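Asker: Next come a sequence and a model predicted from it.
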Amino acid sequence: MPRLDCAVNLRRNREKPRRNFILAGQKRIQSALLSVFHKDGLEPIVRELQRLGVHLYSTGGTQDFIEKLGVAVTPVEELTTYPSILGGRVKTLHPKVFGGILGRRDLDSDVAQLEEYHIPPIDLVIVDLYPFEATVASGGTEDEVIEKIDIGGISLIRAAAKNHRDVVIIPAKEHYAELLRLLKDQDGGTTLVQRKSFASSAFAVSSRYDGAIYNWFSEGRGDLRLSAGPTTVLRYGENPHQGGAFHGDLAGMFTQLNGKELSYNNLLDLDAAVELIDDLSTLPGVPFAILKHNNACGAAIRATLKEAWDAALAADPVSAFGGVLITNARIDKATAEAIDPLFFEIIAASGFDADALDVLRKKKNRMILERKPAKRSSVKVRTALNGILTEDADTVVASASSMKVATTKPPTVQELNDLVFATILVKHTKSNAIVLAKNNQLLASGTGQTSRVDALEQAITKAGKFGFDLSGAVMASDAFFPFPDCVEIAGKVGITAVVHPGGSIRDQDSIDYCNAHGMAMCITGNRHFKH
């Protein structure tokens, strides 16, 4: 019973370590509190704790789980002499629980008080938190979300992490495997370095959890609180001499079916690819896009996936080398065989037929990703100077209804479709940006230029290089035309319709040129700078 264990455990914890405890600061676990929401992976730990003779305390569903394994466990209610109350809101919030966790084993006054009040020390705390973020993501009601704000669990995590000199804290199931290994390899002992590492992870868990709660309450209107998920250390950052890491649940967005680990640059390209394909998916047909350095070098929408791939590749087969491929469709064998000769880094799709996978997996380093229905962040974050910039994600997507005709001549149906397609592409292209398109196919783009004229001339030169006839093509600009020079250049190469956000004091100059030369112009009212 807890009353009898108290003094004995305290004396044992202050005795010299067993002979096989040779690492500095090593302490043997003799008692443990287990209270978890997720039970998967817990059984091997319970069995190992039983083998080691560790006294177990538990609550509610976790206690039932342990008892069904045939393992002895003391209910927390027996320790506290209080039942679980308020519908389970109060179970472990009691001095006999937190005193056992926070009591300092090397401080005589703490030891004396623990013995006086018959509080048994607790050497290991295994606890996880109610799934608050998952409840929000699933569209839970306000009451459902609030009930998933963990109180006892977060308190146990913080208490055990604070007293890591004496206590091991396991704050999430992701750490079960590491704990099990230590229990087996070190006969139930842990070192101070190991306990401090677990404590660091614990505060990371609590910080993220509180950030998610704050973000929900503030509805994005308050101070910045990052709640990104687990950290994955990458091979390096943008360049080999830079460190890099990804903070977030990548496995919640993709299932990787083949290939090496994603790199920092892979993730940047993949982010740009996902944003582009999601916008293209608002248009009828099957989209396919090829990206390089965050910009589309090929994109098309066609009736079939194979046709979309062929048209996307035709835009720039040179830049496609080493690129990122993405579609919202399922990859079939015919498309996989067409793709296979190309060297590429990543292909992402909604799914892959088995025979298509057989084709694509022939090269072991190809990263093949099956996309999951995951929600992307509504806030963009980046560092600047000695602080952090945030902004709302650009969720404006062009449509036929967003095109305001500014010229005497309206665009034809095909031109209007192409203007919408080109506007979506230019939104996802580095500024200053110009996109040339025809029949729902990217012909060429001018990217990241300091002059809009330079961007247009770059696009025209590139289209000519790959044999495209610009007669009847359309042009989209990410920002307004400050002068009529761009529409003049476009008209001279055969472009018949243009679109831009408008807003320049010289808008009328460009409109007048289009009217005088039989060109159509639409204005969207939405600028899409991308830096």
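Answerer: Sure, I can see it.

Asker: CA atoms for contacts and neighbours, from now on please.
Answerer: Fine.

Asker: can I assume H94 is in contact with E78?
Answerer: No: with contact defined as CA atoms under 8 Å, H94 does not reach E78; the gap is 11.9 Å.

Asker: give me the element R208 is part of.
Answerer: Under DSSP states H and E, the secondary-structure element containing R208 is helix 192-218.

Asker: Name the residues of that helix that are buried.
Answerer: Neighbour-count burial for helix 192-218, counted by 16 or more other CA atoms under 10 Å, picks out 192, 194-196, 198-199, 201-206, 208-215.

Asker: Stretch 54-71 too?
Answerer: 54-60, 62-63, 65-66.

Asker: can you tell me the average pLDDT over it?
Answerer: The pLDDT scores in stretch 54-71 average 92.

Asker: End to end on it, go ahead and measure it.
Answerer: Stretch 54-71 has an end-to-end distance of 11 Å (CA to CA, to the nearest Å).

Asker: Would you mind giving the secondary structure of A490?
Answerer: helix (DSSP: H, G, I helix; E, B strand; the rest coil).

Asker: which residues of the stretch 101-250 of the chain fall in helices?
Answerer: For the stretch 101-250 of the chain, the helices defined by DSSP state H, counting those that start in this stretch occupy 108-116, 132-137, 142-147, 152-162, 176-185, 192-218.

Asker: Save those helices as a markdown table, and put in mean pLDDT and distance to G387 too.
Answerer: Shown next, in a markdown table, are these (pLDDT from 0 to 100; distance: least, CA to CA, whole Å):
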| stretch | mean pLDDT | distance to G387 |
| --- | --- | --- |
| helix 108-116 | 86 | 43 |
| helix 132-137 | 84 | 27 |
| helix 142-147 | 88 | 32 |
| helix 152-162 | 90 | 28 |
| helix 176-185 | 92 | 36 |
| helix 192-218 | 87 | 18 |
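
Asker: Same list, these, but as JSON lines with distance to F321 please.
Answerer: Below are the helices of the stretch 101-250 of the chain laid out as JSON lines (distance: least, CA to CA, whole Å):
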{"stretch": "helix 108-116", "distance to F321": "66"}
{"stretch": "helix 132-137", "distance to F321": "37"}
{"stretch": "helix 142-147", "distance to F321": "47"}
{"stretch": "helix 152-162", "distance to F321": "49"}
{"stretch": "helix 176-185", "distance to F321": "40"}
{"stretch": "helix 192-218", "distance to F321": "39"}
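
Asker: who wins for proximity to R330 among those helices?
Answerer: If you check each of those against R330 by CA to CA, helix 132-137 wins as the nearest, at 25.3 Å.

Asker: more crowded one of H94 and E78?
Answerer: Per other CA atoms under 10 Å, whichever of H94 and E78 has more neighbours is H94, with 17 against 12.

Asker: List the backbone torsions phi and psi for the more buried one.
Answerer: Torsion angles at H94 (phi, psi; degrees, to the nearest 10) stand at phi -160, psi 140.

Asker: quick one: contacts for it?
Answerer: H94 makes contacts with T80, as judged by CA atoms under 8 Å, 6 or more residues apart in numbering.
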